[in-house]
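Engineer: Sharing a model that was predicted from the sequence below.
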Amino acid sequence: MFTARSAFSAIGRRAFSVSAQQNSKVTVLGAAGGIGQPLSLLLKLNPRVSELALYDIRGGPGVAADISHVNTKSKVTGYDAVPEQLKAALEGADIVLIPAGVPRKPGMTRDDLFKTNASIVRDLAKAAANHAPNAKLLIISNPVNSTVPITAEVFKSKGVYNPKRLFGVTTLDVVRASKFISEIQGTDPANEEVTVIGGHSGVTIVPLLSQSNHPSIDGETREALVKRIQFGGDEVVEAKGGAGSATLSMAFAGSRMADSLLRASYGETGIFEPAFVQSPLYKDDGCEFFSSRIELGPEGVKEIHPVGKVSKYEEGLIATALKDLATNIKKAWHLVPHSF
Ligand code: NAI
């Protein structure tokens, strides 16, 4: 029989299973969008979630009513674009995911979204700082390389910033990397793990193939694979022909990241996810935020692991990434002084 629970446990290698009683409120801001809807559905299937709060400027209650009929235990509530409702959606949240904002169209870079999405994320971050200052915040809205530093500044301005609890979601790059490498090698993607570092756009995405199961991939194959991981999002944008960017694979990735944080918050150890966080690794290169292998713990970030040994080729990729990333971060900081 195909039940919600069996569907849920079939989701990938990191099958979700729960033994102890676990109760977490998870809030999605932008829940009625292309990512928001399937992400909310996957969260409804997560037995660690006891309350799911779905907010959107358009259609939050409708999505909530629909998902609430799925026969898992969690309670689902929907909220419209009214300040008191945003407050209610956020209060008591353990995790807040933000996929609110516009997606790319063919020919656009993620940075082209800055003008619209930076202020959307800034305003939602203000609400989160006011009403859920202790929640772990997962920023999905692009450009992640800039929306995460903006969120950090908002939290600092409210005196509630804790860098252990702010994450730019780069999980999709990791998901893509393991899938694409498995296609070349003819392996099961569930057994492939590729650490992806840097940021979340184009050349700032740096897969460390030398640390994967297939360090000997080189030449044209390596070139094509790295490019595909860096620009995999474009494949989806082109294929959708103007109707948006990755939504379903992103929902899967966002749900995996949220689940990893939930598991870590309940004391499970040995959980690693690359994510774009405040990081000391390349601070001196103007990159106060950087994605690398992060060990998760009850507080959020437990330990930021060093990048480790990389190949000469990867050193070049990192150098290129740092330049763009520093520009994206500076751009965010430029916006913020004019925002308060
Ligand atoms: P979409 O347009 O389908 O959905 C966005 C939703 O946000 C809409 O329902 C809209 O009503 C809502 N929204 C807009 N302003 C809002 C506000 N102030 N408060 C609450 N909700 C608001 O877009 P889609 O495809 O879901 O993408 C969302 C974002 O995620 C985009 O910025 C996109 O670039 C990004 N994205 C990030 C990825 C990542 O790996 N981090 C991957 C794919 C997309």
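Structural biologist: Nice, I can see it.

Engineer: Number of residues surrounding Gln230?
Structural biologist: 23 (other C-beta atoms under 10 Å). Quick note: C-beta positions are derived from backbone N, CA and C, even for glycine.

Engineer: Quick check: residues of the chain near the ligand?
Structural biologist: 29-30, 32-36, 56-58, 99-104, 113, 117, 120, 124, 140-142, 144, 169, 172, 200, 244-247, 250 (C-beta under 6 Å from any ligand atom).

Engineer: Keep only those of these that are in helices.
Structural biologist: Those of those mapping onto helices are Gly36, Asn117, Ile120, Leu124, Val144, Leu172, Met250, per DSSP state H.

Engineer: Can I get the buried ones among those as something I can paste into PyMOL?
Structural biologist: Per 16 or more other C-beta atoms under 10 Å, the buried members of those correspond to this PyMOL selection:
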select buried, resi 36+117+120+124+144+172+250
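
Engineer: would you turn the ones in helices among the residues of the chain next to the ligand into CSV with distance to Leu52?
Structural biologist: Formatted as CSV, those follow (distance: C-beta to C-beta, whole Å):
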residue, distance to Leu52
Gly36, 12
Asn117, 24
Ile120, 21
Leu124, 17
Val144, 23
Leu172, 21
Met250, 18
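
Engineer: quick one: Asp111 is in a helix?
Structural biologist: Yes. Counting by DSSP: H, G, I helix; E, B strand; the rest coil, one finds Asp111 located in a helix.

Engineer: residue boundaries of the helices in the stretch 201-340 of the chain?
Structural biologist: Assigned helices in the stretch 201-340 of the chain, in chain order: 219-230, 232-240, 248-265, 312-335 (criterion: DSSP state H, counting those that start in this stretch).

Engineer: list the helices and strands the shortest one packs on?
Structural biologist: Which is helix 232-240. Secondary-structure packing of helix 232-240 (3 or more C-beta pairs under 8 Å, 6 or more residues apart in numbering; DSSP states H and E): helix 171-185.

Engineer: Just want the angle from the helix it packs on to helix 232-240.
Structural biologist: 90 degrees (axes from the mean of the first three to the mean of the last three C-alpha atoms, to 10 degrees).

Engineer: Where does the prediction get shaky in the protein?
Structural biologist: Where the chain drops to pLDDT under 70, the residues are 1-21, 336-340.

Engineer: how is it carved up into domains?
Structural biologist: The chain resolves into domains spanning 24-168, 170-334 when parsed by the TED database.

Engineer: and among those, the most buried is which?
Structural biologist: Neighbour counts (mean count of other C-beta atoms under 10 Å) averaged over each of these peak at domain 24-168, with a mean of 21.

Engineer: and the residue nearest to Leu248 when sequence neighbours are not counted, what does it touch?
Structural biologist: With C-beta to C-beta, 6 or more residues apart in numbering as the criterion, Leu248 has its nearest non-adjacent residue at 5.5 Å, and that residue is Pro38. When contacts are counted by C-beta atoms under 8 Å, 6 or more residues apart in numbering, Pro38 touches Thr247, Leu248, Ala251, Phe252.

Engineer: so what does the longest strand anywhere in the chain touch, helix or strand wise?
Structural biologist: Looking across the chain with DSSP state E, the single longest strand is strand 289-297. Counting contacts by 3+ C-beta pairs under 8 Å, 6+ apart, strand 289-297 is packed against helix 144-157, strand 196-198, helix 248-265, strand 272-278, strand 300-304, helix 312-335.

Engineer: Now tabulate these in JSON lines and tack on distance to Arg293.
Structural biologist: Shown next, in JSON lines, are these (distance: least, C-beta to C-beta, whole Å):
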{"stretch": "helix 144-157", "distance to Arg293": "17"}
{"stretch": "strand 196-198", "distance to Arg293": "8"}
{"stretch": "helix 248-265", "distance to Arg293": "12"}
{"stretch": "strand 272-278", "distance to Arg293": "6"}
{"stretch": "strand 300-304", "distance to Arg293": "8"}
{"stretch": "helix 312-335", "distance to Arg293": "14"}
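
Engineer: quick one, which of the ones you listed is nearest to Thr72?
Structural biologist: If you check each of the helices and strands packed on strand 289-297 against Thr72 by C-beta to C-beta, helix 248-265 wins as the nearest, at 13.5 Å.
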